[in-house]
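1. Sequence first, then the predicted structure, then my questions.
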Amino acid sequence: MSMAHARWVGTMVTSVVASLALSACGGRSRGATYYYGNGGPSAYYGGSARPAPSATSEWEAEVSYEPPSPLSRWGFRVLVLPFDNENSTGITQRMAHVIDATRSFDVVTSGAVHMAVSGAVQESRVGDEAVEVEPARCVRTLQETRTRRVPYEVEDPAPTPSAQTREQNYQQLGEAIGNLVVAAAGGTPRSMGRRTHTEFREEEYTVPVEQPYRCQTVIRHVDATFRLHVQVMARTRPVRVVYQRDFSEHDEVRTTGRRGSDDSDQEPEPVDGEALLRSLQERALEAFARENLPQSASETLRFEACGDARCEATVGLVRAQNFDEAIRSLTELVEQDAQPRHHRAVAYMAAALYDLGLARTYSGQFATGIDAMGRAIAMSPGHDEWEARLARIREMQSAVGVVTPPTPAPRTGRPAPPGARRPAR
């Protein structure tokens, strides 16, 4: 047997053994089964291998989500009961709007509910408008005249030739010869024998001077106070109050004017006490929302290559916030070969499980997501990044005492926007 023929037979034997191994662990010869050839592990797509993205950024997706909140553990269907003493504040309707604005809760008026929010307006007051006058210091600018000595040059008269000394005559002759040389070279001759001295003259000028004087500041102000009591009852057995707190807001609005100045008097603008009270009401509701309702967050997730195009497609689906399709595709993938035995198949299956866990967790399915990530780490240990991500998710889950029940039935009521999902509870 020739050497080429022997290598061909060895390759065929290796392929047959690999196929038998895959058949023994539940793999199929068509579709997305794992293929091992001379080029290493890859996904088999009708006989052709599809290369995975090489750049790290191609496996990353930024997601926006709402982490679980302290109220998430009790459910997501909320009934807002009328608040006591609300008068014309409309606090009940505004509370319902604040809760319904999140993607975690549905405000309902009938049917089974998980929580009921109620309370009372303890104080909603606008004080009397007051005007006060306080002494102030105004400044006017005046022009003040001042004098200064300004120097200037004065030319001395030239002496007569008879009164000049011999040295002066020689000096004058030298200057004349020098001027001839300068003129011949194209220069400008200087004046011969010119003498000057400095004298001073008085000059007037004006400068701006600030002069303070007394005037008055007029202050118009009004204050307002709003206190709100909120309580949340959960549908436990028996029904119990799981949250209650008072929110108190107080503030003042002021406008100012001026009297007694050189300019025309300016009275302070009117103050709007009712607008101030409405802003205090909004601040109280925002304080309740910050403490109890999910706040939007964003994070960059890195998915893993699993030797199948569906893992690569998951990145694009998650970027588009289409978690449902990503979870469906990855679930189908991991169910095809639930217990792989080949070490490379095990590594790829672990990567697919990890991707599935990420998609489930950040779509709100904490229990099944953590389970998938835990199985991935147990199947292929030694991935520090996987373990750090799982630890962070568990920390986020336990920080608010979230109980992770089975995945709830689809929500009813208003239609969800494309790609919307309910965060974890």
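-> That came through, no problem.
2. Residue 205 is in contact with residue 145, correct?
-> Yes: under the criterion of C-beta atoms under 8 Å, residue 145 makes contact with residue 205 at 7.5 Å. (Each C-beta comes from the backbone N, C-alpha and C, glycine too.)
3. got the residue ranges for the helices in the protein?
-> For the chain, applying DSSP state H gives helices covering 3-24, 91-100, 166-184, 273-292, 309-319, 323-336, 343-361, 366-379, 384-399.
4. So which of the ones you listed is nearest residue 124?
-> Residue 124 lies closest to helix 273-292 among the helices of the chain, at 6.6 Å (C-beta to C-beta).
5. buried stuff in that closest one?
-> Using 16 or more other C-beta atoms under 10 Å as the test for burial, helix 273-292 gives 273, 276-281, 284-285, 287-289, 292.
6. One more: stretch 176-183?
-> Those would be residue 179, for stretch 176-183 by 16+ other C-beta under 10 Å.
7. Tell me who's in contact with residue 315.
-> Listed by C-beta atoms under 8 Å, 6 or more residues apart in numbering, the contact set of residue 315 reads 58-61, 303.
8. rerun at 6 Å
-> 59, 61, 303 (C-beta atoms under 6 Å, 6 or more residues apart in numbering).
9. Can you name the residues bridging to the residue lying closest to residue 267 once chain neighbours are set aside?
-> Sequence neighbours aside, residue 257 is the residue nearest to residue 267 in space, at 4.6 Å (criterion: C-beta to C-beta, 6 or more residues apart in numbering). On the basis of DSSP bridges, residue 257 is bridged to residue 218.
10. any idea which of the contacts of residue 315 is closest to residue 323?
-> Closest to residue 323, out of all of the contacts of residue 315 and judged by C-beta to C-beta, is residue 61, at 10.7 Å.
11. Was I right to think the closest one contacts residue 319?
-> Yes: taking contacts as C-beta atoms under 6 Å, residue 61 lies within contact range of residue 319: 4.5 Å.
12. ok, these two, which is more surrounded?
-> Neighbours per residue (other C-beta atoms under 10 Å) separate residue 61 from residue 319, with residue 61 holding more: 23 against 15.
13. Quick check: that one vs residue 87, distance?
-> Distance, residue 61 to residue 87, using C-beta to C-beta, to the nearest Å: 49 Å.
14. ranges for the strands of the stretch 151-300 of the chain?
-> Using DSSP state E, counting those that start in this stretch, the strands of the stretch 151-300 of the chain run over 196-234, 240-259, 297-302.
15. Quick one: the ones you listed as JSON lines, columns for distance to residue 334, mean neighbour count and mean pLDDT too.
-> Output for the strands of the stretch 151-300 of the chain, formatted as JSON lines (distance: least, C-beta to C-beta, whole Å; neighbours: other C-beta atoms under 10 Å; pLDDT from 0 to 100):
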{"stretch": "strand 196-234", "distance to residue 334": "35", "mean neighbour count": "14", "mean pLDDT": "93"}
{"stretch": "strand 240-259", "distance to residue 334": "37", "mean neighbour count": "14", "mean pLDDT": "95"}
{"stretch": "strand 297-302", "distance to residue 334": "18", "mean neighbour count": "12", "mean pLDDT": "85"}
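16. what about the closest residue to residue 313 other than its chain neighbours, distance to residue 237?
-> Counting by C-beta to C-beta, 6+ apart, residue 313 lies nearest to residue 329, which is 6.6 Å off, once chain neighbours are set aside. As judged by C-beta to C-beta, residue 329 and residue 237 stand 40 Å apart.
17. Settle it for me: which of these two has more neighbours?
-> Legend: neighbour count by other C-beta under 10 Å for residue 329 and residue 237, higher for residue 329 (19 against 5).
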